[in-house]
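Participant: sharing a model prediction with you, sequence too.
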Amino acid sequence: MERYSIVYPGSSIFCKNKCGYYGNPSWNNYCSRCYREAQNKPDLYARKARELSQTSSRAFANFEAKRKKVARKSSGTIRSILKIQRDHNKLGSGIPEEALQARTDFYKILKSWRSPVEADVSRQIDKLLRDLESKDFSDIDKFSEAVKDFYESMALRVYGNNIYHAGTTEQKESLLNSIERFLSVWIYPWAFTPSNTDDEEVDLKLQDRIRSFHWISHKHLDAPIDPFSPQQSHHLENAILHLIRQNEVLPTEAKLDHIVDCCHEIMKALKLEADATSRSSPLTMTMTNRQGGPNDYGETAADAFLPSLIWVVLRANPPLLHSNLQFITRFANNNRVSAGEPAYFFTNLCCAVDFINKLDHESLGMTEEEFEQQMRDGIPVTLRSADAPDVLADTKRRYAAIGQKLDAMQEIMASAEIELHANQRQTAYHIAQLRSKCNLQRTVYLDPRELTTPNILCLGPPPPPPPRINRSMPPQQQQPVANVIDQLRPDESLAAAPCLSPLSANVTPPPPPPRL
């Protein structure tokens, strides 16, 4: 059976209106601008649905009343969250710690601008938050539209108002990014997986579906990667970690950064595979520019990248993946998700999730019976005979790599052993040289009077203090101090003398004490 192509054509990731921006499956493959225009057009079916809802039964009316009551309760929660305080040093009750920290960081950035800029930005944000409080919180799309319109109006204001003219382009972009970070964190407690959407249910279904596809390997997806390669596995594991960690950060910018880093690691693994197989591929391009355009990757790169990204998503099974993608879609700046490298990677991730939701036996080139058996048992598919030589070659290559590493380790151990023996011989030689040059004797057999150094103190009690001289006596009656030692016995003289002179040649030293 012919394998179904899992790769989206290069043009399918762009907007259906061919406006040049990237589309999104959540927007029916439109970009954000074209999707908004399509939604604003009068729809006959929507009008009929509204008329039908107005003539609904009493039971349905009661259901609507309960739903509105829940919506009002949710709106009260969001109003308590959106009330930004004038005194930012005062902690608000019920506000998450992340939101308070985002507010503190945002005010620090505002302090770097002049007072008119700080006052204008604060005034515009207060106006937005008051506008959000008046919105119908049961419609997340209206909430998202208000935030995105604010991003666009602030960009026009920063680049068009005279009070911002002193800032450079980098400073203006930094200010706009800080506004997006603050707002996305400030509204996060309500805007992420709101209670009036089915995001949580979709997340649970998606996780269960990905978990049921644990038996799918990279070969089923025709992904040109080798997860068993140590070099490639390092990058693939990093890609999985980045995809999981996007749920740990709150700002839309940080979530997109983790997605971009994940895709960079995949491209590095693809480059290693292309180098290993000695094939010319556009994947060897340098992935350092984070602001790349839509034409930075060729068709071959896209054909190799998307299957690999699908494999990473299946292996990672990140938590709340659908909710994170929806949060980025709803509250990220349109410039981030419509053009540039982050938009390219984000669109591919959305396409990967859409493919997983629609994955069936035809997508993997299997029969329906084989697919059902794998979904039921999870046993890996028996490799075809055509795949056996490739598997054998991969096994031989891995064994050869292990053998080379073992040989290198043995060489290192042998050289270390030789060096250790050389150090031992050198140390023994130096010790022998010292013994030959210095005639050392055991101290237990030495007589202190044999010492030739005149300034070595003798062991024993300290010398007695000199006698006090009576100055009233005549000098003839005063005895010299030196004669005191001469009048002592030899053993007392030895103990009292501070130092000894060397023995004369005719004096025989006493014999050493016998060994016990």
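Facilitator: Now that the structure is in, tell me what you want to look at.
Participant: residue 116 is in contact with residue 167, correct?
Facilitator: No. With contact defined as C-beta atoms under 8 Å, residue 167 does not count as touching residue 116 (11.7 Å). Placement of C-beta: from N, CA and C, glycine included.
Participant: between these two, point out the one with more neighbours.
Facilitator: Neighbours were tallied for residue 167 and for residue 116 using other C-beta atoms under 10 Å; the higher tally belongs to residue 167 (18 against 13).
Participant: secondary structure of that one: a strand, I assume?
Facilitator: No. Secondary structure of residue 167 (DSSP: H, G, I helix; E, B strand; the rest coil): coil, not part of a strand.
Participant: who touches it in this structure?
Facilitator: Counting by C-beta atoms under 8 Å, 6 or more residues apart in numbering, residue 167 touches 113, 117, 158, 175.
Participant: from residue 108, how far out is it?
Facilitator: Residue 167 sits 16 Å away from residue 108, going by C-beta to C-beta, to the nearest Å.
Participant: got it, and residue 315?
Facilitator: Going from residue 315 to residue 108 by C-beta to C-beta gives 39 Å.
Participant: can you pull the domain assignment for this structure?
Facilitator: Here the domain parsing of the chain from automatic domain parsing is 83-191, 199-382, 383-434.
Participant: could you export the ones you listed as a markdown table, including mean pLDDT and distance to residue 466?
Facilitator: As requested, those are exported to a markdown table (pLDDT from 0 to 100; distance: least, C-beta to C-beta, whole Å):
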| stretch | mean pLDDT | distance to residue 466 |
| --- | --- | --- |
| domain 83-191 | 83 | 78 |
| domain 199-382 | 84 | 82 |
| domain 383-434 | 82 | 43 |
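Participant: deepest in the core, which of those is it.
Facilitator: With neighbours taken as mean count of other C-beta atoms under 10 Å, these reach their highest mean count in domain 199-382, at a mean of 18.
Participant: any chance you could list what contacts stretch 313-328?
Facilitator: 26, 184, 188, 191-193, 197, 199-200, 202-203, 206-207, 210-211, 213-214, 216, 236, 239-240, 243-244, 246-247, 252, 255-256, 337, 346, 349-350, 352-353, 356.
Participant: in helices, which of the residues you listed appear?
Facilitator: Counted as lying in helices by DSSP state H, out of the contacts of stretch 313-328, are 184, 188, 191, 199-200, 202-203, 206-207, 210-211, 236, 239-240, 243-244, 252, 255-256, 337, 346, 349-350, 352-353, 356.
Participant: so residue 312 is in contact with residue 240, correct?
Facilitator: Yes. Using C-beta under 8 Å as the test, residue 312 is close enough to residue 240 to be in contact (5.9 Å).
Participant: mutual contacts of the two, please.
Facilitator: Joint contacts of residue 312 and residue 240 (C-beta under 8 Å, 6+ apart) are residue 262.
Participant: excluding covalently adjacent residues, which one is nearest to residue 333?
Facilitator: Of all residues not flanking residue 333 in the chain, residue 151 sits nearest, at 4.8 Å (C-beta to C-beta, 6 or more residues apart in numbering).
Participant: now residue 213
Facilitator: Distance criterion C-beta to C-beta, 6+ apart; nearest residue to residue 213, sequence neighbours excluded, is residue 314 at 5.5 Å.
Participant: surely the one you found is in a helix?
Facilitator: Yes. Counting by three-state DSSP, residue 314 is part of a helix.
Participant: now do it against residue 339, distance only.
Facilitator: With distances taken as C-beta to C-beta, residue 314 is found 28 Å from residue 339.
Participant: within the helices and strands, which one has residue 127?
Facilitator: helix 115-133 (DSSP states H and E).
Participant: show me where the stretch 351-500 of the chain has its helices.
Facilitator: Along the stretch 351-500 of the chain, counting by DSSP state H, counting those that start in this stretch, helices occupy 368-377, 388-437, 482-486, 490-496.
Participant: which strands and helices sit next to the longest one?
Facilitator: Helix 388-437 is packed against no helix or strand, with contacts defined by 3 or more C-beta pairs under 8 Å, 6 or more residues apart in numbering; DSSP states H and E.
Participant: make it 10 Å
Facilitator: Judged by 3 or more C-beta pairs under 10 Å, 6 or more residues apart in numbering; DSSP states H and E, the packing partners of helix 388-437 are helix 230-245.
Participant: could you give the angle of the helix it packs on to helix 388-437?
Facilitator: Taking axes from the mean of the first three to the mean of the last three C-alpha atoms, to 10 degrees, one finds helix 230-245 and helix 388-437 inclined to each other by 100 degrees.
Participant: what is helix 230-245 packed up against?
Facilitator: With contacts taken as 3+ C-beta pairs under 10 Å, 6+ apart, helix 230-245 sits against helix 252-276, helix 299-316, helix 321-331, helix 388-437.
Participant: let's see it at 6 Å
Facilitator: With contacts defined as 3 or more C-beta pairs under 6 Å, 6 or more residues apart in numbering; DSSP states H and E, the packing partners of helix 230-245 are helix 252-276, helix 299-316.
Participant: would you mind giving the contacts of residue 167 as JSON lines with distance to residue 376 and secondary structure added?
Facilitator: Formatted as JSON lines, these follow (distance: C-beta to C-beta, whole Å; DSSP: H, G, I helix; E, B strand; the rest coil):
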{"residue": "113", "distance to residue 376": "62", "secondary structure": "coil"}
{"residue": "117", "distance to residue 376": "63", "secondary structure": "helix"}
{"residue": "158", "distance to residue 376": "58", "secondary structure": "helix"}
{"residue": "175", "distance to residue 376": "56", "secondary structure": "helix"}
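Participant: could you dump those residues into JSON lines and include distance to residue 102?
Facilitator: As requested, those are arranged in JSON lines below (distance: C-beta to C-beta, whole Å):
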{"residue": "113", "distance to residue 102": "18"}
{"residue": "117", "distance to residue 102": "19"}
{"residue": "158", "distance to residue 102": "20"}
{"residue": "175", "distance to residue 102": "15"}
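Participant: and the two most separated of those?
Facilitator: 113 and 158 (10.5 Å; C-beta to C-beta).
Participant: in the stretch 51-200 of the chain, which spans are strands?
Facilitator: With strands called from DSSP state E, counting those that start in this stretch, the stretch 51-200 of the chain shows none.
Participant: that one: helices as residue ranges?
Facilitator: Assigned helices in the stretch 51-200 of the chain, in chain order: 58-82, 97-111, 115-133, 140-160, 169-186, 188-191, 199-212 (criterion: DSSP H, counting those that start in this stretch).
Participant: make TSV from the ones you listed and add distance to residue 406 to it.
Facilitator: Compiled in TSV, the helices of the stretch 51-200 of the chain are given as follows (distance: least, C-beta to C-beta, whole Å):
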stretch	distance to residue 406
helix 58-82	60
helix 97-111	50
helix 115-133	63
helix 140-160	58
helix 169-186	51
helix 188-191	52
helix 199-212	38
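Participant: out of those, which is closest to residue 434?
Facilitator: Closest approach to residue 434 among the helices of the stretch 51-200 of the chain (C-beta to C-beta): helix 97-111, 66.5 Å.
Participant: list the contacts of the closest one.
Facilitator: If you take C-beta atoms under 6 Å, 6 or more residues apart in numbering as the criterion, helix 97-111 is touched by 88, 118, 178, 182, 185-186, 250.
Participant: list just the nearest of these to residue 423.
Facilitator: residue 250 (57.6 Å).
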